[in-house]
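Novice: starting from these lines, generate the structure:
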Amino acid sequence: MKYYIKVLKDYAKFSGRANRSEYWYFILFNFLIALGLGAVGVLLDQPKLSTYYQFATLVPSIAVAVRRMHDVDKSGWFLLIPVYNLILAVSEGTKGENKFGENP
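Specialist: Modelled structure (predicted):
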């Protein structure tokens, strides 16, 4: 949960690096919260509740993904390559310092 909060605090920080734990825990908690809000939205007859949440977390989601690409020493533009970005997201980050900053 600490990684989820950390990503939200770094709301629009596209510089620096994000390790695998930070990225994947954010993805996990983001998914679980959206799933929970979807279920609550159905019960309250507000089906777009989860959609509003997803729009609210869109910028932090993109920012942490860009920082994750930086951790493997790639530009954030690699997010636009469909399968390769997933391979990079699960890859181990660069040890030590790289051109995007210190090792998180």
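Novice: what residues sit buried inside the longest helix along the chain?
Specialist: Criterion DSSP state H: the longest helix present in the chain is helix 20-43. By neighbour count on 16 or more other C-beta atoms under 10 Å, the buried set for helix 20-43 is 20, 22-27, 29-30, 34, 37-38, 41. (Glycine included, C-beta is placed from N, CA and C.)
Novice: just the CA trace of stretch 55-62, in CSV.
Specialist: What follows is stretch 55-62 as a C-alpha-only set of coordinates in CSV (Å, rounded to 0.1, in the frame of the first residue of the first chain):
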residue,chain,number,x,y,z
PHE,A,55,-9.7,8.8,-15.1
ALA,A,56,-8.6,10.3,-11.7
THR,A,57,-5.6,8.0,-11.6
LEU,A,58,-4.7,8.2,-15.3
VAL,A,59,-1.9,10.7,-15.0
PRO,A,60,-0.2,8.9,-12.0
SER,A,61,-0.6,5.6,-13.9
ILE,A,62,1.2,7.0,-16.9
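Novice: and it, which residues are buried?
Specialist: Buried residues in stretch 55-62 (16+ other C-beta under 10 Å): 57, 60.
Novice: likewise stretch 79-94?
Specialist: 79, 85, 88, 89, 93, 94.
Novice: now stretch 47-54
Specialist: Under 16+ other C-beta under 10 Å, the buried positions of stretch 47-54 are 49, 50, 53, 54.
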